[in-house]
Each structure stands twice: as structure tokens, then as C-alpha cells.
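[1] model the following, please.
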Amino acid sequence: MFCIFLPRGIRNNNPGNLRLSKTTWEGQKPMQADPDFAEFSTPLYGLRALMKVLLTYHLKYDLDTVASLINRFAPPHENATDRYIYAVSKALGVRRTDKIALTSAPVLIALTCAIVRHENGPPPPARSPDWYEQALYTQAAGLVLPLTV
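    Have a look, this model is predicted:
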């Protein structure tokens with residue numbers, strides 16, 4: 001018998017691998033065992049936090065392309081950002097500099113799915129290809145956007 005070790009982001013219910021910060025997120029566990037990354041009580045809260053970060057980048061900093069969003073979210077001093085941008089752009093079917101409508105639920109969900117897949121790698125065969133079912137992504141988007149799906 002063997003164990004499948006889940007990626008840190010999945011174990012922490014933080015599929016975007018958001019770092020610990022001064023921000024206390026809704027659904028964040030009161031006791032944080034991971035010294036670097038936030039831990040959430042459920043994946044829904046981790047997805048919600050990731051979507052809120054992405055929307056903040058869009059609304060506060062006017063970032064509206066995959067390249068601008070990923071450069072901010074996963075900066076080159078910590079990540080292979082060009083590969084990250086390529087993977088997310090490909091998943092969304094857009095060029096890296098195409099404007100995307102982040103306040104559209106389907107776009108926000110697709111972007112979030114692509115980030116979750118990139119952050120955590122491919123899921124084991126028993127899991128959804130996006131790590132979580134689409135209904136969970138839709139539910140998370142409903143917590144941060146007026147849904148128009």
C-alpha cells in the first residue's frame with residue numbers, strides 16, 4: 001500500500017498558495033501550523049481568498065491581462081513567471097497580453113482553475129482535473145462577485 005501525498009496548497013485548503021500576511025481571511029484557521037502559507041478551514045475559503053486577491057489586483061491596480069496578473073501574483077524573484085504566464089494563458093485560450101474580463105464569473109473561475117492547476121500540479125486520477133469540482137469554484141465566485149453564470 002502507498003500514500004499519495006497531496007501538495008501543500010491542497011493540504012492547507014489554500015490552492016492558490018497565498019502567503020501568510022497581516023490579512024486575516026474569512027475561513028482562515030485560527031491556529032496556523034504552516035509558518036509561510038495561510039491555512040483555511042475548507043477549500044471554499046481558500047478559493048474565495050484567491051479570487052479576492054485576483055479581483056483586488058484588477059480593481060485596485062488595473063491589472064487585466066494574464067501577464068500583468070501573474071507577474072504580480074507570482075513574481076519572477078519567486079517563480080518561473082514566464083512559464084506560469086504561458087500555462088495560464090494556454091488554459092484560458094488567450095494571449096498573455098489580451099485583456100480579460102476579470103469581473104465576469106466564468107473568466108474569474110477559469111483563471112482561478114488555471115492558477116490552482118499550476119500551483120499544485122496535476123491531481124491524482126481520482127480527483128477532478130481542476131482539483132475541485134466546478135460547482136465549488138462557482139460557489140467561491142458567488143462569494144466575491146454577483147454571479148452571472
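[2] CA atoms only for the longest helix seen in the chain, dumped as PDB, please.
    Longest helix of the chain, by residue count under DSSP state H: helix 43-61. Provided in PDB are the C-alpha atoms of helix 43-61 (Å, rounded to 0.1, in the frame of the first residue of the first chain):
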ATOM      1  CA  PRO A  43     -11.200  24.700   0.100                       C
ATOM      2  CA  LEU A  44     -14.100  27.100  -0.500                       C
ATOM      3  CA  TYR A  45     -12.500  29.700   1.700                       C
ATOM      4  CA  GLY A  46      -9.100  29.200   0.100                       C
ATOM      5  CA  LEU A  47     -10.700  29.600  -3.400                       C
ATOM      6  CA  ARG A  48     -12.600  32.700  -2.200                       C
ATOM      7  CA  ALA A  49      -9.400  34.300  -0.900                       C
ATOM      8  CA  LEU A  50      -7.600  33.600  -4.100                       C
ATOM      9  CA  MET A  51     -10.400  35.200  -6.100                       C
ATOM     10  CA  LYS A  52     -10.400  38.200  -3.800                       C
ATOM     11  CA  VAL A  53      -6.700  38.700  -4.400                       C
ATOM     12  CA  LEU A  54      -7.100  38.500  -8.200                       C
ATOM     13  CA  LEU A  55     -10.100  40.900  -8.100                       C
ATOM     14  CA  THR A  56      -8.100  43.300  -5.900                       C
ATOM     15  CA  TYR A  57      -5.200  43.300  -8.400                       C
ATOM     16  CA  HIS A  58      -7.700  44.100 -11.100                       C
ATOM     17  CA  LEU A  59      -9.800  46.700  -9.400                       C
ATOM     18  CA  LYS A  60      -7.100  48.500  -7.300                       C
ATOM     19  CA  TYR A  61      -4.100  48.200  -9.700                       C
END
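[3] buried stuff in that helix?
    By neighbour count on 16 or more other C-beta atoms under 10 Å, the buried set for helix 43-61 is 43-55, 57-58. Any C-beta I mention is one placed from the backbone N, CA and C, and that applies to glycine too.
[4] mind giving me the packing neighbours of it?
    helix 66-73, helix 105-120, helix 134-144 (3 or more C-beta pairs under 8 Å, 6 or more residues apart in numbering; DSSP states H and E).
[5] perfect, I'm done here.
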